[in-house]
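Trainee: I would like to see how this sequence folds:
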Amino acid sequence: FSRLLKLGWQAGRDEGRQVQIAGLEVLYRFNRGDLQSLREVLVLEVYAAELGFTPANVLDLGANIGLTSLWLHQRHAGRTGAGFQLVAVEAAAENAMIAQANLAANGVPAEVLHAAAGLVSGQAWFETRTESNLGRMLPHEAPGTVPVPVVGIRSLLERFPHGQVDLVKMDIEGGEEALLSHDTGWLAGVRALMVEWHDDRADSRPLIQNVVAAGFEHPPLNAARQD
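Mentor: Just a heads-up that it's a prediction; the model follows:
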């Protein structure tokens with residue numbers, strides 16, 4: 001269906017649907033972005049990795065429709081022996097609404113923020129795309145953009161105990177440049193990251209150097225599971 005949609009298939013495009021998959025009840029829209037996200041996160045399980053510890057709290061940047069938040073909760077929440085805190089941040093309003101519904105439908109206590117993550121709080125403009133997983137934040141107004149609040153990364157970390165978070169998942173379509181290119185002091189409050197690099201929008205090489213300089217290792221994450 002994803003290939004048919006790419007070729008211009010229109011029947012049912014963007015209509016809301018529901019599926020039981022991987023033990024979860026998932027709401028999605030019949031479009032390539034949602035279908036690709038279902039495939040990557042819940043079928044291929046591209047976020048499956050041994051971290052060497054069990055995260056008790058997660059910050060999901062670029063939560064889309066909540067699939068990675070659902071998967072991480074399902075994988076780790078029962079292993080912590082304590083509570084599991086989840087904060088999901090999504091800049092596209094409709095995506096954030098579906099993420100909230102998906103988390104609630106599966107009994108996952110989470111805080112969902114309709115916002116973009118940035119180095120400092122403020123406002124930016126969000127460029128929507130036909131593919132629901134390819135929208136991006138812009139620093140200026142342009143045709144097809146809508147204003148979106150920006151929450152500073154340190155403010156997000158303050159939502160967790162002692163300003164420390166075990167795992168940050170980051171898939172923000174080039175927005176990683178703002179978070180990892182200059183002031184990376186906030187990484188001191190992070191134990192591990194899972195980052196999707198977008199070299200068509202931000203050169204990942206200096207960003208990776210900054211992450212390594214902050215004390216992290218940088219192994220590829222499940223390259224065999226991804227296209």
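Trainee: State which strand of this protein is the longest.
Mentor: Using DSSP state E, we find that the single longest strand of the chain is strand 145-152.
Trainee: Now do the helices in the protein.
Mentor: All helices of the chain, identified by DSSP state H, fall at 2-6, 32-37, 67-76, 93-105, 153-157, 176-180, 204-213.
Trainee: Tell me which of those helices lies nearest to residue 190.
Mentor: helix 153-157 (7.6 Å; Cβ to Cβ). Every residue, glycine included, has its C-beta placed from N, CA and C.
Trainee: So for the closest one, mean pLDDT?
Mentor: Across helix 153-157, the average pLDDT comes to 98.
Trainee: Check stretch 193-201 too.
Mentor: 93.
Trainee: try stretch 103-117
Mentor: So the average pLDDT for stretch 103-117 ends up being 96.
Trainee: swap in stretch 9-27?
Mentor: Mean predicted confidence for stretch 9-27 is 91.
Trainee: Stretch 174-189 too?
Mentor: 95.
Trainee: buried sites along it?
Mentor: 174-180, 184, 186-187, 189 (16 or more other Cβ atoms under 10 Å).
Trainee: from those, which is closest to residue 137?
Mentor: Nearest to residue 137 among these: residue 175, at 5.2 Å, using Cβ to Cβ.
Trainee: sorry, back to before: which elements pack onto the longest strand of the chain?
Mentor: Applying 3 or more Cβ pairs under 8 Å, 6 or more residues apart in numbering; DSSP states H and E, one finds that strand 145-152 contacts strand 111-114, strand 116-118, strand 122-127, strand 136-138.
Trainee: try 7 Å this time
Mentor: strand 116-118, strand 122-127 (3 or more Cβ pairs under 7 Å, 6 or more residues apart in numbering; DSSP states H and E).
Trainee: and that strand, C-alpha only, in CSV?
Mentor: The C-alpha coordinates for strand 145-152 follow below in CSV (Å, rounded to 0.1, in the frame of the first residue of the first chain):
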residue,chain,number,x,y,z
THR,A,145,4.2,26.9,7.7
VAL,A,146,2.3,27.2,10.9
PRO,A,147,3.6,28.7,14.2
VAL,A,148,4.6,26.2,16.8
PRO,A,149,5.9,26.7,20.4
VAL,A,150,9.5,25.7,21.1
VAL,A,151,10.4,24.2,24.5
GLY,A,152,14.0,24.4,25.5
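Trainee: which other residues reach that strand?
Mentor: 89, 91, 113, 115-127, 137-138 (Cβ atoms under 7 Å, 6 or more residues apart in numbering).
Trainee: Produce a PyMOL select command limited to the buried residues of the residues you listed.
Mentor: Command for PyMOL that selects the buried part of the contacts of strand 145-152, burial taken from 16+ other Cβ under 10 Å:
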select buried, resi 89+91+113+115+116+117+118+119+124+125+126+127+137
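Trainee: Show the pLDDT at residue 70.
Mentor: pLDDT, residue 70: 98.
Trainee: pretty sure it contacts residue 100?
Mentor: No. Residue 70 lies out of contact with residue 100 (Cβ atoms under 7 Å); the separation is 11.8 Å.
Trainee: Pull the distance from the longest strand of the chain to the chain's centre.
Mentor: 16 Å (Cα atoms, centre = their mean, to the nearest Å).
Trainee: what are the pairing partners of that strand, and which direction each?
Mentor: strand 116-118 (parallel), strand 122-127 (antiparallel) (DSSP bridges).
Trainee: how about those, which one is nearest residue 197?
Mentor: That would be strand 116-118 among the strands paired with strand 145-152, by Cβ to Cβ, at 15.8 Å.
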